[in-house]
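Q: Using only what follows, build the 3D model:
(4 chains)
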Protein chains: 2
Amino acid sequence: MGRATLRDVARLAAVSPKTVSRVVNREPGVTDAKVAAVTAAIEKLGYRPNLTASSLRRARGRTATIGVVLENVANPFSSVLHRAMEDVARDHGVSILAGSVDEDPARERALVGIFAGRQVDGLIVAPASSNQGYLTAEILAGTPVVFVDRPPAGVQVDTVLIDNRAGAREAVGQVVAHGHRAIGYLGDLRSVVTARDRLQGYRDALADEGIRPDPAHVVEDLHTEEAAERAVHRLFALDAPPTALFTAQNLVTIGAIRALRTLGRQHSVALVGFDDFPLADLLEPGVTVVAQDPWAMGRLAASLIFRRLAGEYWEPAIHEIPTRLIARGSGEIRPAN
Amino acid sequence: MGRATLRDVARLAAVSPKTVSRVVNREPGVTDAKVAAVTAAIEKLGYRPNLTASSLRRARGRTATIGVVLENVANPFSSVLHRAMEDVARDHGVSILAGSVDEDPARERALVGIFAGRQVDGLIVAPASSNQGYLTAEILAGTPVVFVDRPPAGVQVDTVLIDNRAGAREAVGQVVAHGHRAIGYLGDLRSVVTARDRLQGYRDALADEGIRPDPAHVVEDLHTEEAAERAVHRLFALDAPPTALFTAQNLVTIGAIRALRTLGRQHSVALVGFDDFPLADLLEPGVTVVAQDPWAMGRLAASLIFRRLAGEYWEPAIHEIPTRLIARGSGEIRPAN
DNA sequence: CTGAAAGCGCTTACAG
DNA sequence: CTGAAAGCGCTTACAG
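A: Below you'll find the predicted structure:
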C-alpha cells in the first residue's frame, strides 16, 4: 500500500530529491549514471509524480486543468462542445473537469466555486443564471474565463455565440419563401436569452414581409418534448391553425414532429427547426434546420483560454460563429391552398 | 491580482491560520466573534480555499475527484454513462475528470496515468486496450478501479457489463421467430470483445434453430456508418442475399438503414440492432433494437467506487445489467415468400 | 476556545 | 553536475 514518493525514489537511487525532480521533469545536466539509477528506482517502486503537489509549488501554480460548466454533459450539443474542448486542451497537455447545471443557476455557481477551488487554469461556462458577477474575483485574480452559447451578465469576458436572431430569421425566411403566411413559433423558456433572440428573429422574418403573427400562434416556455407535443396539438385545434412551424430548439422540434405524426400532418405542415440533430435526414420528410456548429464553438472557446494563458492580451469580445440552413424537405412543403 | 490565502485572511481577522481553517471547515468550538471576524475577512478578500493544497495534507490525501476514461465523451452512450456517474459523484461532493480514448490503447494508458498523477480518488475505465496490467500499481496503492462496458484483462476489478452474448441471441431470436432463416450479421472490429460476444450470440440463436449461417452473410470489422453502408450494398448484390439483418452496433445500424433506404428495401428486409439510439422510434419503419441501459451502468459503476471509498470490502466481481428487446417494427417484418 | 510547530510532496532559489 | 534549505497553502497533532 502507500504510494511511493519522490523521497522514496531518491533514497533507493541514493541521490537527493532534487536530482529525482530533475530526472522526472527532464531537466538537463544530470549524469547518465544518475539518470539510469533514478529511472530504475522509479520503475521498481512504480513511482508516479504527485501533480497536485508539484502544481502547489510550481511557478504561478498552474494545475494543467480547465473547468467546463455545461448545460448537461449527456445532451448532444453540450457533449460535442465538451469533446471539441478536450481535443484542444489535449494539445496543451491539459485535462478537463466537467459538470452539468441543468438550467439551475445555483448549480452553475456551485460548479464554478468547486472548479475555482480546485485551482483550474481556466473556466469555460455555458451559463444558466441571469448574472455572473460572482465571477469577478476569479477574473481579477487572472483566471481566463470564456462564455459559450449564451452571453454573460455582470462581467466582461470573451464569449462564443451564434447569431440566434439572424439564424431564426433565416429559418423562418425559408418557410415564408415557400409561400407560408401563418407560421407558428414554438420556443424554450423565456428566461433563456437565446430563446428570446430566436423569437425576435422570427418576428423579424415576418416583419420583412409585412406579416403580423397571430398571437395564438406564438407559444413560449416549452422546455420538454412533451410540452412541445401538447402545444402542437393545441395549435391544430384552433379555428385558424398555422400552415408552418418554426421550432426554436432541439427537443421542441422533436416533440413537434411527434405531434404532427399523430395528427397525420407531417407531409402537409412545413417545419423548420433551430439546431440540427442526429438522424434528422433519415426522418420522412427530412427535417430542415438551421444548424449550429458546436465543434467550432468548442474549439474556439478553448483556444481563447489557451491564448490568454500564453500571455496574449486583447479586449474581451463577442465571437460569433455562423449558422447554416440545411434544407431537407420539411421546410420546403408548400401550403395546401 | 494574486489570490488571497488563508494567511491573508488570518492576518486581516487578527487570528491564527488554524482558526481560519476551523471556520472554513465548519469545525465547532470557535467563538461567534471570531467566526464573524473571519467570515468578514473571507468576504472582503474574496478568499476561496485552495483545495489542492488542503488535499495534500489532509488524511489519506483525498482529492474529491474521480477520473473517468470513456470511448468518446461526445457519443451518446459514453455521454450518458458520464452523466449518470456525475449524478452519483455529486451526491458525494466529488468532481469528475473525463477523457476520450477513441479506441486507442495508448491514449487509454496515457489518460489513466494523467488522472492517477492528479491523485484521483477512484478510476472508472471503459477500456480500449487488450491488457490493463499497467493499472496494478494503482490498484495495490488502494485506488478503487471499476471497468464499464468491457471487461479488464490482467487485473481483477469490479466490472459493469451487459450480457452481450445473451442480448445478441435475443435480438436474432426475434427475426428467427418472424420466419427468417437467412440472417446477415454486421459487426464492429473483431478486436473489440463485445463485438466477438455479439457474434457468438448471433451464432447461438441460429444454432438454437439448427440454422447454419451462410459465411458470406457474416461481415465483421465495420467501425463506421460508411463501412456498414457499403457492406449492406455488397450483401444485396449476392445471388442469395439475406432476408434479415442483425446490426451489432449503433453506427452499423444507422449505416445499414441508409443502405436499405437507398436500395428501397427498408420495408421488406427485417432489421434488429444492438444498442438503442435517439429517434429510433420516429424512423419508418421504427427500428427494433436490443437496448443497453447506460444510466444504470454509469450509476452502478460510480456507486461501486464510493462504496469502496467508504471502506466496504468484497471480492471484485462482474456486475451484469440486463438488456431489453424493444420491438418497433423493423424486426417484425416477415420474409417475402 | 486558540495557536505554534511540523509536515503533506513537490519545486524554487541558492550555494558549492 | 549536485544538493541543502526554504516554502507553496493548507491540516495534523499537540500544548496550553
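
Q: Get me the contact residues on the stretch 1-150 of chain A for DNA strand C.
A: A:3, A:5-7, A:17-18, A:21, A:24-25, A:49-50, A:53-54, A:56-59 (Cβ under 7 Å from any atom of the strand). Heads up, the C-betas are built off the backbone N, CA and C, glycines and all.

Q: Could you export stretch A:177-191 as CSV, CA atoms only?
A: Presented in CSV, the C-alpha positions along stretch A:177-191 are these (Å, rounded to 0.1, in the frame of the first residue of the first chain):
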residue,chain,number,x,y,z
ALA,A,177,-40.2,31.9,-49.2
HIS,A,178,-42.2,28.8,-49.8
GLY,A,179,-45.5,30.6,-49.5
HIS,A,180,-46.4,30.5,-45.8
ARG,A,181,-48.0,33.4,-44.0
ALA,A,182,-49.4,31.7,-40.9
ILE,A,183,-46.3,30.4,-39.1
GLY,A,184,-46.3,29.1,-35.6
TYR,A,185,-43.5,29.8,-33.2
LEU,A,186,-42.7,27.2,-30.5
GLY,A,187,-39.8,28.1,-28.2
ASP,A,188,-38.0,27.5,-25.0
LEU,A,189,-38.3,29.2,-21.6
ARG,A,190,-38.5,33.0,-22.0
SER,A,191,-35.9,33.2,-19.2
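
Q: Name the residues of that stretch that are buried.
A: A:H178, A:H180, A:R181, A:I183, A:G184, A:Y185, A:L186, A:G187, A:D188 (16 or more other Cβ atoms under 10 Å in any protein chain shown).

Q: what's the answer for stretch A:99-115, then?
A: Applying 16+ other Cβ under 10 Å to stretch A:99-115 flags A:G99, A:S100, A:V101, A:E103, A:R107, A:E108, A:R109, A:L111, A:V112, A:I114, A:F115 as buried.

Q: Out of those, name the ones that lie in strands.
A: A:G99, A:S100 (DSSP state E).

Q: quick one: which of the buried residues of stretch A:99-115 is nearest B:V68?
A: Of all the buried residues of stretch A:99-115, A:G99 has the smallest distance to B:V68: 12.3 Å, by Cβ to Cβ.

Q: name the element the nearest residue to A:G113 once chain neighbours are set aside belongs to?
A: Leaving aside its sequence neighbours, A:G113 sits nearest to B:R48 (Cβ to Cβ, 6 or more residues apart in numbering or on different chains; 7.1 Å). Under the criterion DSSP states H and E, no helix or strand holds B:R48.

Q: In this structure A:D188 contacts A:Q249, no?
A: Yes - between A:D188 and A:Q249 there is a contact under Cβ atoms under 8 Å: 4.6 Å.

Q: what's the overlap in contacts for the two?
A: Applying Cβ atoms under 8 Å, 6 or more residues apart in numbering or on different chains, one finds that A:D188 and A:Q249 are jointly contacted by A:A195, A:L222.

Q: Where is pLDDT lowest across the buried residues of stretch A:99-115?
A: Looking at these by pLDDT, the weakest one is A:E103, with 89.

Q: Which residue is the nearest non-sequential neighbour of that residue?
A: A:A128 (4.9 Å).

Q: Now do the SS call for the one you found.
A: coil (DSSP: H, G, I helix; E, B strand; the rest coil).

Q: Any figure for the gap between it and DNA strand C?
A: 36 Å (Cβ to the nearest atom of the strand, to the nearest Å).

Q: Show me where chain A has its helices.
A: A:6-13, A:17-24, A:32-45, A:51-57, A:76-91, A:105-117, A:136-140, A:164-177, A:193-208, A:225-235, A:250-263, A:294-309 (DSSP state H).

Q: got the ones you listed as a markdown table, with distance to B:E332 columns?
A: As requested, the helices of chain A are exported to a markdown table (distance: least, Cβ to Cβ, whole Å):
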| stretch | distance to B:E332 |
| --- | --- |
| helix A:6-13 | 64 |
| helix A:17-24 | 61 |
| helix A:32-45 | 59 |
| helix A:51-57 | 54 |
| helix A:76-91 | 29 |
| helix A:105-117 | 43 |
| helix A:136-140 | 57 |
| helix A:164-177 | 36 |
| helix A:193-208 | 40 |
| helix A:225-235 | 25 |
| helix A:250-263 | 19 |
| helix A:294-309 | 36 |
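
Q: B:Q292 is nearest to which of the ones you listed?
A: Comparing these by Cβ to Cβ, helix A:76-91 comes nearest, at 17.3 Å.

Q: pLDDT on that closest one, on average?
A: Rounded mean pLDDT across helix A:76-91 is 96.

Q: Then stretch A:158-173?
A: For stretch A:158-173, the per-residue pLDDT averages 96.

Q: State the number of residues packed around A:A13.
A: 22 (other Cβ atoms under 10 Å in any protein chain shown).

Q: Show the contacting residues for the residue in the stretch 201-337 of chain A that DNA strand C sits nearest to.
A: Residue nearest to DNA strand C within the stretch 201-337 of chain A: A:L309 (15.8 Å; Cβ to the nearest atom of the strand). Residues near A:L309 by Cβ under 8 Å, 6+ apart: A:R62, A:D121, A:G122, A:P144.

Q: So which of those sit within strands?
A: A:G122.

Q: what stretches of the stretch 201-337 of chain A score poorly on pLDDT?
A: Low-confidence segments of the stretch 201-337 of chain A (pLDDT under 70): A:337.

Q: for the buried residues of stretch A:177-191, which one is nearest DNA strand D?
A: A:D188 (39.6 Å).

Q: which non-adjacent residue is nearest that closest one?
A: That would be A:A195: by Cβ to Cβ, 6+ apart, it lies 4.0 Å from A:D188.

Q: A:V15 too?
A: In space, A:V15 is closest to A:K34, 5.7 Å off (Cβ to Cβ, 6+ apart).

Q: now swap in A:G99 and tell me
A: In space, A:G99 is closest to A:L111, 4.3 Å off (Cβ to Cβ, 6+ apart).

Q: Which residues of the stretch 51-200 of chain A lie near DNA strand D?
A: A:A53, A:L56, A:R57, A:G61.

Q: Adding neighbour count and pLDDT, write the residues you listed out as CSV.
A: Listed next are these as CSV, based on neighbours: other Cβ atoms under 10 Å in any protein chain shown; pLDDT from 0 to 100:
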residue, neighbour count, pLDDT
A:A53, 17, 89
A:L56, 16, 87
A:R57, 7, 86
A:G61, 15, 74
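
Q: give the contact list for the residue nearest to A:E103.
A: By Cβ under 8 Å, 6+ apart, the neighbours of A:A128 are A:E71, A:V101, A:D102, A:E103, A:D104, A:P105, A:R107, A:E108.

Q: ok, the first one to DNA strand C distance?
A: Just to be clear, that refers to A:E71. 36 Å.

Q: contacting residues for the nearest residue to A:I139 once chain neighbours are set aside?
A: With Cβ to Cβ, 6+ apart as the criterion, A:I139 has its nearest non-adjacent residue at 5.7 Å, and that residue is A:V145. Going by Cβ under 8 Å, 6+ apart, A:V145 touches A:G122, A:L123, A:I124, A:V125, A:L135, A:E138, A:I139, A:V155, A:V157, A:D158.

Q: and the least confident of those?
A: Comparing the contacts of A:V145 by pLDDT, A:E138 comes last, at 86.

Q: hang on, it packs against A:A116?
A: Yes - with contact defined as Cβ under 8 Å, A:E138 reaches A:A116; the gap is 5.4 Å.

Q: The residue nearest to A:D188: neighbouring residues, count only.
A: A:A195: 23 neighbours (other Cβ under 10 Å).

Q: Please apply the same query to A:R324.
A: A:R324, neighbours per other Cβ under 10 Å, totals 13.

Q: Likewise for A:R334?
A: 13.

Q: I'd like to know how far it sits from A:G187.
A: Counting by Cβ to Cβ, to the nearest Å, the gap between A:R334 and A:G187 amounts to 24 Å.
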